[in-house]
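Enquirer: Prediction below, plus the sequence it came from.
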Amino acid sequence: MIVIPALHDAANDQPIRYTPVCSHTAIPVCVNPAYTAYLPAVTAVLRPVLTELAGLPGAPRQVTQAAQAYAQGPGNSINLIFHGLAARDGSVVFSLPDPLPGDQGQTSAGFDSRLKTTGLQIVAGVIGSQSRAAGSPAVAGPAQQAVISALTRLTAPQLAFRNGSAEQLGPYGRLLPAPGSPAAAAATRFAALPAAAQHAWLVQHLPALRAGRISLAQLP
């Protein structure tokens, strides 16, 4: 952000070590101890998705909080930078916004929306094909879009299709089916299955789904 030579140097500009506080979800969510009070809210949103993805090939070992980045804007303004999710040592790293209303324009509704977007990104990372561009979201064919949409409904039904708020997701919006499309119909069909049936199908077919070898007709 603002570098003050008298205060900043390579010797002391190091992250402070801490022991994270983790949830007891199927895939643990780990945050800085300063965010312990917010862990129940985080896990309440992400628990359904984490339960469904646990044990699947390519599922994260844990979901780990990363620090937000700040940058000096025009004049004396400050911009918050969210880097999205990144894989690291079997973990998914995410930026958790400060949920305190009024802080840098953040609201409780905005905090909840960010968490639901995180759920979509986690699902897309497991279900979608590997992106060729480093740092870019996964890519998704029709069957992958259908499954991503179905699982996204577990935490954020309003983000399950490529319209409305989903269009505000940038590259991640392209991983969702358009309303009324064959992929959207397949998503509704898959979402109607019991969670155990969805999980069992994914255990058996996820590698082929990620490789693009599953058609919409082959989805249960």
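Expert: Perfect, thanks for sending it.
Enquirer: Name the residues of stretch 178-196 that are buried.
Expert: Judged by neighbour count (16 or more other CB atoms under 10 Å), stretch 178-196 contains these buried residues: Ser181, Ala183, Ala184, Ala186, Ala187, Phe190, Ala191. Yep, even glycine has a C-beta here, placed from its N, CA and C like the rest.
Enquirer: Could you find the closest non-adjacent residue to the first one?
Expert: It refers to Ser181. Pro142 (7.9 Å; CB to CB, 6 or more residues apart in numbering).
Enquirer: so which strand or helix has Gly55?
Expert: Assigned by DSSP states H and E, Gly55 belongs to no helix or strand.
Enquirer: residue ranges of the helices in the protein, please?
Expert: Using DSSP state H, the helices of the chain run over residues 39-53, 108-127, 142-152, 182-191, 195-210.
Enquirer: Check which residues of the longest one are buried.
Expert: So the one you mean is helix 108-127. 111, 113-127.
Enquirer: about what we covered before: just the closest of the buried residues of stretch 178-196 to Val63, please.
Expert: Of all those, the one with the least separation from Val63 (CB to CB) is Ala191, at 22.5 Å.
Enquirer: Hmm, the closest one is touching Val147, no?
Expert: No. Counting by CB atoms under 8 Å, Ala191 does not reach Val147; the two are 9.3 Å apart.
Enquirer: In the chain, where is pLDDT below threshold?
Expert: 1-13, 15, 67-72, 76-90, 94-111, 130-137, 164-168 (pLDDT under 70).
Enquirer: give the contact list for the closest residue to Gly58 other than its chain neighbours.
Expert: Nearest non-adjacent residue to Gly58, counting by CB to CB, 6+ apart: Val126, 5.3 Å away. Neighbour list for Val126: Leu53, Leu56, Gly58, Ala59, Pro60, Leu206 [criterion: CB atoms under 8 Å, 6 or more residues apart in numbering].
Enquirer: what about 10 Å?
Expert: Taking CB atoms under 10 Å, 6 or more residues apart in numbering, we find Val126 in contact with 49, 52-53, 56-60, 92, 138, 147-148, 151, 202, 206, 210.
Enquirer: By neighbour count, sort out the buried ones in those.
Expert: 49, 52-53, 56, 59-60, 92, 138, 147-148, 151, 202, 206, 210.
Enquirer: any idea how far Ala196 lies from Leu53?
Expert: The gap separating Ala196 from Leu53 is 14 Å, by CB to CB, to the nearest Å.
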